[in-house]
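**Q** sequence? don't have it. structure:
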């Protein structure tokens, strides 16, 4: 009750204590589940993990090679740019408030509250991470304060995507001279230094024009039905 209804001064220590307990609870549950799985489904699990590991190792090597070649090319041309994104798996502790499914407390090690981070789920844009009372709060796509830079359609029309507490997202400030149509894909632009360029956001459902700009209603790809784990982008480069 104190974490939900009191002011920030009282909320901060209560939330910190609750999140510490939640983190330990999740760690204990995971340890027990892992021990049970080890003894009950060990052979089946090992076979599945070996299969997935081969696939991930191959993909990782391909990506490493591409990143290395890009960095070498940039170095050869005396460019100060580099390609070395840093991504971390983070766990959800709980919803921030009862009834609001768009805001979740996250368990993030070495959290820096001076930055905004991107959240992804299965390589789809899921939301952003902002500080509240010095703790990492995940604002999922549908939240009105979740916003980030995107490209729309084949011509990469720039815009700003944000939620509106409904099923759909909205992309605002798309220049009027771009031809945007239903079915155009929306991806992260990377220009906000929050997301890597090219992550999928959703598809255009409808477009309206006003005051020199276009607004597009977007059907997002991320479902958000089981927000237990996310990948957090700590740095884009």
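**A** Perfect, I can see it now. What you see is a predicted model, and the numbers here were worked out from it, not measured in a lab.
**Q** tell me the strands in the chain, going along the chain?
**A** 86-95, 103-107, 117-121, 124-132, 135-140, 147-152, 157-163, 169-175, 185-188, 200-210, 213-220, 229-235 (DSSP state E).
**Q** ok, the first one: who's next to it in the sheet?
**A** Looking at strand 86-95 with DSSP bridges, its partner strands are strand 103-107 (antiparallel), strand 229-235 (antiparallel).
**Q** Return the member of these having the minimum mean pLDDT.
**A** Lowest mean pLDDT of the strands paired with strand 86-95: strand 229-235, a mean of 90.
**Q** Tell me which of the strands paired with strand 86-95 is the most buried.
**A** Across the strands paired with strand 86-95, averaging neighbours per residue (mean count of other C-beta atoms under 10 Å) puts strand 103-107 on top, at a mean of 21. The C-beta positions use only the backbone N, C-alpha and C, and glycine is treated the same way.
**Q** Pull the residues that contact it.
**A** With C-beta atoms under 8 Å, 6 or more residues apart in numbering as the test, strand 103-107 has contacts from 15, 19, 22-23, 26, 90-97, 129, 135-140, 143, 227, 230, 232.
**Q** would you turn the strands paired with strand 86-95 into a markdown table with distance to residue 117?
**A** Below are those laid out as a markdown table (distance: least, C-beta to C-beta, whole Å):
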| stretch | distance to residue 117 |
| --- | --- |
| strand 103-107 | 9 |
| strand 229-235 | 5 |
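**Q** Would you tell me which of those strands gets closest to residue 182?
**A** strand 229-235 (29.4 Å; C-beta to C-beta).
**Q** quick check: angle from the closest one to strand 124-132?
**A** 70 degrees (axes from the mean of the first three to the mean of the last three C-alpha atoms, to 10 degrees).
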